[in-house]
Structures are given as structure tokens and as C-alpha cells.
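**Q** Need a 3D model of the sequence below.
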Amino acid sequence: MRLAERVTRIQPSATLAINAKAKALKAKGSHIVNFGVGEPDFGTPEHIQEAAIRAMRDGHTRYTAVGGIDELKDAVREVIQNDYGLSYEREDVLVSCGGKHALYNLFQALLDPGDEVIIPSPFWVSYPDMVVLTGAKPVIVPCPEEAGFKLRPEDLQAGITERTRLLILNSPSNPTGAHYSSAELAALAEVLMPRENVLIVSDDIYYRILFNGQQWANIAMVEPRLRPRTFIVNGVSKTYCMTGWRIGYLLGDAAAIKAATKIQSQSTSNPTSIAQYASVAALREHTGTVREMVKVFQERCGYVMGRLAELPGVTCPRPAGAFYVFPNFSHYYGRKARDRPIRSSLDLADYLMESAHVAVVPGGAFGEDRCLRFSYALSMDDLKEGFDRVARALEALV
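**A** Numbers count the residues shown, from 1 in each chain. The predicted structure is shown next:
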């Protein structure tokens, strides 16, 4: 069977592949500690579930407008006004089938072959491949560990060319948990201001999962003159434990939103009606569940950082949010497991999966091969057991 050439230019999601492998081993009876999971381990709050049931009983089971119901667009606008201090109209909002879908639609609407997209590394695994599918070129800009894995103004400046069309910023970050302060964003804004053709995509999917009193900041909040060039991508999946409900949203320039909506109309059409009504409740009917979840994640983060500090040769910047750590394990490269050499993050991840039944995601998938990504969206018992296994497996390397 001949496949389209574009398929050969992209890779399957590494995080989904790791989860599939872990589930396959679990199905065979193995007890897998899965640090690869990219979703909260809490259930969807009860009031959101009840809203979905009401929507079905009220007959909200038919097609909706392609770009989402007005009630949800208004709820999104209210959240952005309250949390960002930015005002948007309904025509500035697109509701999609998850944050990833919102990004895909936007890239398809904005990018042409030959355009360049600056992607700070480490990056979420899907950014480069979604850019490649448009015919544009990902420009990977390494962000060093000593800088907290954050993009520096001088590195941004060096990465911009006449072909640069987009910059992607993800804060708090997947995979590192890094969060840009207002001052750091202001420094990046200084570089971007004279580059009037460069647009900014702010992927804020983890924005409410911040630790130790960190204050939320977005580049359009910090530098209002960049707001017309900034697109905000967010969703209900991480904050409200609704990963399977598949609701994301996009805000920005009305013409670009209209174009992205047109693209969505020829792919999925509207997101699931029931999930949209449930998302209205998620955004509007605030409870203490988000605050309690963040408190638990912060406690787990402290535990994980303590365990990492006990592993010889491992270094890791402290996350400011999300629920990931991205430690540097390159100290163990060049060693062997039996006769099998460990030369890369993929080798080490495979070794931990096979010998310790611990699933982690190799850092090479995020653009930094010296590291592994660990999610701490696990119970404390699994965190303890998992790091005990990792420590024993590393000690066995020669």
C-alpha cells in the first residue's frame, strides 16, 4: 500500500507509545509503575459529571456550531478576563477537540511551506510534527539546563530569521515544569516587538498548576502590544481532570480564528456536545478541587525532588508547576546492563521498562537526549515503589 509522503516525515507520539507498552506489560500480569502518564490521576469532579448528565437529559445531543456553543465561548471569555485580565469577543474564540486539536487547526491556518517556527527545547513532543505536517520548518532552539530549561532572549534573537512565522511558548512546561516569570517574558517581548511578522502561540494548558505562590503570567499580559500577535491555547483536560472529554480552546485574531474554524469544519466539525456543556460547568462552577489537586502535586513534587537528589550523578531543575520532572541521567550513559550498552535516553528508558518494570519517557522525544521525563501524577505508594526500583536498576549498571 502506497502511503502519502507526509506520513514518513512525522513520528508517532512517544508518550502514547510508552503508555501503550506499559499497558501491554500490565495486561500480561506485570506490575508497572507508569511515570509516563500525562494526565492527572484524579477523577473528573462530580459537578462536571452531573452537568454532562443534565445535558443529555435536556437533549443537548445533536450537532452544535462548528466552533463551539456560545455558552462555552462565553465561559472561556470570562476565565480569560478573570485570570489574564484580557477581553475577547465570541468571534475570537474556537472550541476544539482538545488543546492538541486547537494547535493543529491554528498551524494549518497560519503556516505555509518555507515558514519557520521557533520551538524552544525541551518541547512537548507533538509541536515539531504538527509543524512538519503544514510543510513549515521547526527551528529547535536549545534551552540549557543551567537556565532552567527556559528560552533566553539572546537565544531567541539568534533563532529568528526572515522566514520566522511563529514562536511557541509553553508555560508551565511539559516536560520540565518550567514557568516563565513576568520579567522573563518581558525580556523575550523586547526581542519580539520589532519583529512584526512573528506571531506567538502561548500554550497555557497547565497554567493553574503552579506551586509555592508562583504568579501566573502570559506574554500578552506582560506586553499588551503583543496581544494582537498572540494566540492563547488552553483546555479543560489538565486543570479539571477531563483528559478524555477532549475539549480545548483557542483565542486570538478573529480572522485567524475564522480560518481555523473553517479547517475544523472539514475535519471533526463540532466537539462533542455533551463535553461542551460539561466544560461550561468546569469553567464556571468553581470548587476547591483544583486548589486541592495543586496542593497534592506540590507535595509530590517535593518528594520526587528529594528522591532524585539521592541518585548519584542525577541533576534536575526544580519545577514551578505542571506535574513533571525532567532529570538529567547522562551520568549513566556509557554503562552496561548485562551486555547491553546504555548510550541514550531511549536505551535507559527501555532498560528501566524491561528490568524494573518502570515506564518513563525518553528525553530524546522532547529534544533533550540527556534526560528522562517522569510524571508524578501517581499515588504516593507508586512514587515510592517506582523510585526504589529506579535506584536498584541504576545500581545494577556496570
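**Q** what ranges do the strands span in the stretch 251-398 of the chain?
**A** Along the stretch 251-398 of the chain, the segments classed as strands by DSSP state E, counting those that start in this stretch run 324-325, 336-337, 340-341, 358-359, 361-362, 372-375.
**Q** With the stretch 101-250 of the chain instead?
**A** Under the criterion DSSP E, counting those that start in this stretch, the stretch 101-250 of the chain contains strands at 116-121, 137-142, 164-170, 199-203, 230-235, 248-251.
**Q** Including mean neighbour count, mean pLDDT and distance to residue 181, could those go into CSV?
**A** C-beta here means a position set from N, CA and C on the backbone, and glycine is covered the same way. Conversion of the strands of the stretch 101-250 of the chain to CSV gives the following (neighbours: other Cβ atoms under 10 Å; pLDDT from 0 to 100; distance: least, Cβ to Cβ, whole Å):
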stretch, mean neighbour count, mean pLDDT, distance to residue 181
strand 116-121, 23, 98, 15
strand 137-142, 18, 98, 19
strand 164-170, 23, 98, 13
strand 199-203, 24, 98, 15
strand 230-235, 26, 98, 17
strand 248-251, 26, 98, 22
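**Q** Nearest to residue 346, out of those strands?
**A** Nearest of the strands of the stretch 101-250 of the chain to residue 346, taken as Cβ to Cβ: strand 116-121 at 16.5 Å.
**Q** Could you figure out how far that closest one is turned away from strand 164-170?
**A** 20 degrees (axes from the mean of the first three to the mean of the last three Cα atoms, to 10 degrees).
**Q** will you turn the strands of the stretch 251-398 of the chain into JSON lines that also has mean neighbour count, mean pLDDT and distance to residue 51?
**A** Shown next, in JSON lines, are the strands of the stretch 251-398 of the chain (neighbours: other Cβ under 10 Å; pLDDT from 0 to 100; distance: least, Cβ to Cβ, whole Å):
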{"stretch": "strand 324-325", "mean neighbour count": "26", "mean pLDDT": "98", "distance to residue 51": "29"}
{"stretch": "strand 336-337", "mean neighbour count": "16", "mean pLDDT": "90", "distance to residue 51": "50"}
{"stretch": "strand 340-341", "mean neighbour count": "12", "mean pLDDT": "92", "distance to residue 51": "51"}
{"stretch": "strand 358-359", "mean neighbour count": "24", "mean pLDDT": "96", "distance to residue 51": "33"}
{"stretch": "strand 361-362", "mean neighbour count": "26", "mean pLDDT": "96", "distance to residue 51": "33"}
{"stretch": "strand 372-375", "mean neighbour count": "27", "mean pLDDT": "98", "distance to residue 51": "28"}
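**Q** Tabulate the ones you listed (JSON lines), appending distance to residue 270.
**A** Below are these laid out as JSON lines (distance: least, Cβ to Cβ, whole Å):
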{"stretch": "strand 324-325", "distance to residue 270": "31"}
{"stretch": "strand 336-337", "distance to residue 270": "50"}
{"stretch": "strand 340-341", "distance to residue 270": "50"}
{"stretch": "strand 358-359", "distance to residue 270": "35"}
{"stretch": "strand 361-362", "distance to residue 270": "32"}
{"stretch": "strand 372-375", "distance to residue 270": "31"}
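**Q** Kindly state which of the ones you listed is positioned closest to residue 393.
**A** Taking Cβ to Cβ, strand 358-359 is the member of the strands of the stretch 251-398 of the chain nearest to residue 393, at 7.3 Å.
**Q** quick one, what contacts the closest residue to residue 278 other than its chain neighbours?
**A** The shortest distance from residue 278 to any non-neighbouring residue, by Cβ to Cβ, 6 or more residues apart in numbering, is to residue 52 (4.0 Å). Going by Cβ atoms under 8 Å, 6 or more residues apart in numbering, residue 52 touches 274, 275, 277, 278.
**Q** out of those, what pair is the most spread apart?
**A** 275 and 277 (7.5 Å).
**Q** And the pLDDT for the residue lying farthest from the centre of the chain?
**A** Largest separation from the mean C-alpha position in the chain: residue 339, at 36.3 Å (Cα atoms, centre = their mean). We have a pLDDT of 83 for residue 339.
**Q** From residue 389, how far off is it?
**A** Per Cβ to Cβ, to the nearest Å, residue 339 is found 22 Å from residue 389.
**Q** With residue 324 instead?
**A** In terms of Cβ to Cβ, residue 324 sits 19 Å off from residue 389.
**Q** Check the contact between residue 49 and residue 275; I expect there is one.
**A** No - applying Cβ atoms under 8 Å as the test, residue 49 and residue 275 come out as separate, 11.3 Å apart.
**Q** More neighbours: these two, which one.
**A** More crowded of residue 49 and residue 275, by other Cβ atoms under 10 Å: residue 275, with 23 against 14.
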